[in-house]
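A.B. asks: A predicted structure for the sequence below; I have some questions about it.
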Amino acid sequence: MYHSKKKKDGLLSYQEDACHVYGFEVDKLLQDHHPIKVYQVRSKQDHNVKKVIKTYFKDNTDVDQITTRQFMAEISVLTKIHHPYVMGMDTMGIFPGYFAYVMPLYETGTLTEALPTLNQDKSDEYLVQLCAGLKFLHRHKIAHRDVKTDNVLITAKEKRVVIADFGLSEILPTIDTPVSTIKGTHMYISPEQFIQKEFNAFKCDMYALGVVYWCMIFKVDVFDLKSSEQMKESVNTLCDTSIDWLVLTNLLDPSPVDRLTCYNLLCVLEQPEYRFTDSIASLRGNGKIFLNTLELRKYQEDACHVYNFEVDKLLHNHFPVKVFQVRSKQDRNVKKVIKAFFKDNTDVENKVAKHFLSEVAVLATVRHPYIMGMDSMGSFPRYFAYVMPFYEEGTLTKVLPSMHQEMSDEYFVQLCAGVNYLHKKKVAHRDLKTDNILITEKKVLIADFGLSDILPTEDTMATKRKGTVCDMFALGVVYWCMVFKVNVLSHEIEEPMMETVRNRLSPSSIDRLILTNLLEYNPAERLSIFELLFLMEESCFSHRIAKLKDY
């Protein structure tokens, strides 16, 4: 019987040594870096049972308080996590002279040791597993702050990876809570930590994940390099249409705002044209990422009950999709829109789930002043749904008859800025039309991403007739409607669009030049968004383009 008493913080305090209490004997010392020592131990009863004990030694000085805080911070994280790709903890306690906790031993070693022999299949599998593990941590508002190949362990039987060492981790109030302390290991520390007073810890983790993936792709330890510039140069040697180039350039983006989140990355990797689908399928034994693997909460109540809304009216009803205008029960001036994808317990449900995930994958990826955002999303008893803002001004279709040239020019430049952002993010909208462009506070918002695709390159056609070149034709149709102040679907149109352009616009006008190029029948001859913006910079649109340089 061991003498122990319950501490206020929930830890048991023992009078005996940890090995004595837990029935272990020390095999070897793995790490000795004061005040931390890490031991490999084995059970006295069964020598095949091996564990690791991590100890934080006390020395009754100011360092003791720091040691206590570090230990408590680490175990506060470890007690919250239970995930196949995150290291767990068996038990913990306070012992004479030190704090300690027991964790599993992974004899295969670290990812660093496995790098030279890593093949592409394993590299793909490990990236997906690491992303799933980090996704779990970030969902629980835990920033690891020291992601690196030395802190990624490999299990012996399943050959899966486990994220370890939470000594620098932080539990934050929200995913947007800024931090100010530089943490991590040289070469894995994101650039913004050196140049900004405050930054997002979760985006720092994503940069470090990018460095880990770089190590897996090139099969070398990043410490073999002299500087991070060498790492970026090596990325540029990859084919710029490859998924490896896409992942690395996004994760290693020096701008944290443009850096992928775990959710975004999993959504990109899930696309069928990439080689990661099997690795993602292995997460749940299924060809799709299951909803609870993503950032999708499951609720037992109706969406309106969860979000405290009441329905104003049904805006759209086309099975399996319904769109409702709702308002807050607490403040009736607060209005939103809920888009619901109904399930029916048949094969259609799988298609509905795929459609929903495809749409929210895009909405979670994009943040731009001229693109509609998303407030929240979830899985409810009879449907999947997400909440988005409500814009009472209506659609571009509604304002066409009263549109004057100044407004038309302004809106078109904003549309181009939004489309440019989407195409840079490798997102093809695939349903640009005046009904899918909302008006709010004298600006436009591109909406409805139900048919969108996240593509590996701007030239890719995900399926027949899909891709960004199709967006450019549709953008031309939208601009035609704005120039002639009429909906292209209207019964009033008596001649083909290009005939109207030729008959009613001067050969030297910028409108005719734009429309002729965007409505070009041959997609290879059609302007890209980059080419269109370049053309507009040399015209009467130049002052408007100049105002949007940041977009």
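C.D. replies: Alright, I've got the coordinates.

A.B. asks: I'd say Lys313 and Gln325 touch.
C.D. replies: Yes. Between Lys313 and Gln325 there is a contact under Cβ atoms under 8 Å: 5.2 Å. Backbone N, C-alpha and C define where each C-beta goes, glycine included.

A.B. asks: neighbour count winner among the two?
C.D. replies: Using other Cβ atoms under 10 Å, the more surrounded residue of Lys313 and Gln325 is Gln325, with 17 against 8.

A.B. asks: name the element the more buried one belongs to?
C.D. replies: strand 321-328 (DSSP states H and E).

A.B. asks: Only the buried residues of that strand, if you could.
C.D. replies: Residues of strand 321-328 classed as buried: Val321, Lys322, Val323, Phe324, Gln325, Val326, Arg327 (neighbour count, 16 or more other Cβ atoms under 10 Å).

A.B. asks: Mind picking the lowest-pLDDT entry from those?
C.D. replies: Least confident of these in the model: Val321, at 88.

A.B. asks: ok, now which ones touch that residue?
C.D. replies: Val321 makes contacts with Lys339, Ala340, Phe341, Phe342, Gly450, as judged by Cβ atoms under 8 Å, 6 or more residues apart in numbering.

A.B. asks: repeat that with 6 Å
C.D. replies: Val321 sits next to Phe341 when contact means Cβ atoms under 6 Å, 6 or more residues apart in numbering.

A.B. asks: Same question for the one 4 residues further on.
C.D. replies: Gln325 sits next to Asp312, Lys313, Leu315, Val337 when contact means Cβ under 6 Å, 6+ apart.

A.B. asks: Out of those residues, list just those in strands.
C.D. replies: Per DSSP state E, strands hold the following members of these: Asp312, Lys313, Leu315, Val337.

A.B. asks: Filter these down to the buried ones.
C.D. replies: Val337.

A.B. asks: Among the ones in strands among the contacts of Gln325, which one sits closest to Leu12?
C.D. replies: Val337 (52.3 Å; Cβ to Cβ).

A.B. asks: Just the strands from the stretch 1-150 of the chain, written as ranges.
C.D. replies: All strands of the stretch 1-150 of the chain, identified by DSSP state E, counting those that start in this stretch, fall at 4-6, 12-14, 24-33, 36-43, 50-57, 91-95, 98-104, 142-143.

A.B. asks: Pick the most deeply packed of those.
C.D. replies: Mean neighbour count, computed with mean count of other Cβ atoms under 10 Å, is highest for strand 142-143 among the strands of the stretch 1-150 of the chain, reaching a mean of 24.

A.B. asks: Quick one: list the elements packing against that strand.
C.D. replies: Under the contact criterion of 3 or more Cβ pairs under 6 Å, 6 or more residues apart in numbering; DSSP states H and E, strand 142-143 touches helix 201-218.

A.B. asks: where's the helix it packs on relative to the chain centroid, distance-wise?
C.D. replies: 14 Å (Cα atoms, centre = their mean, to the nearest Å).

A.B. asks: Does Tyr207 touch Tyr188 like I think?
C.D. replies: No. Using Cβ atoms under 6 Å, Tyr207 makes no contact with Tyr188, being 7.6 Å away.

A.B. asks: More neighbours: which of these two?
C.D. replies: Taking neighbours as other Cβ under 10 Å, Tyr207 and Tyr188 compare with Tyr188 leading, 26 against 22.

A.B. asks: That one - that's part of a strand, no?
C.D. replies: No. Using DSSP: H, G, I helix; E, B strand; the rest coil, the secondary structure at Tyr188 is coil, not a strand.

A.B. asks: on that earlier part again, nearest to Leu11, out of the buried residues of strand 321-328: which one, please.
C.D. replies: Comparing the buried residues of strand 321-328 against Leu11 with Cβ to Cβ places Val326 closest, at 47.1 Å.

A.B. asks: Not counting its neighbours along the chain, what's nearest Ile36?
C.D. replies: Leaving aside its sequence neighbours, Ile36 sits nearest to Tyr56 (Cβ to Cβ, 6 or more residues apart in numbering; 5.9 Å).

A.B. asks: sorry, back to before: JSON lines for the ones in strands among the contacts of Gln325, including distance to Arg512?
C.D. replies: Shown next, in JSON lines, are the ones in strands among the contacts of Gln325 (distance: Cβ to Cβ, whole Å):
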{"residue": "Asp312", "distance to Arg512": "43"}
{"residue": "Lys313", "distance to Arg512": "42"}
{"residue": "Leu315", "distance to Arg512": "37"}
{"residue": "Val337", "distance to Arg512": "37"}
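
A.B. asks: Taking the ones in strands among the contacts of Gln325, tell me the two that lie furthest apart.
C.D. replies: Lys313 and Val337 (10.7 Å).
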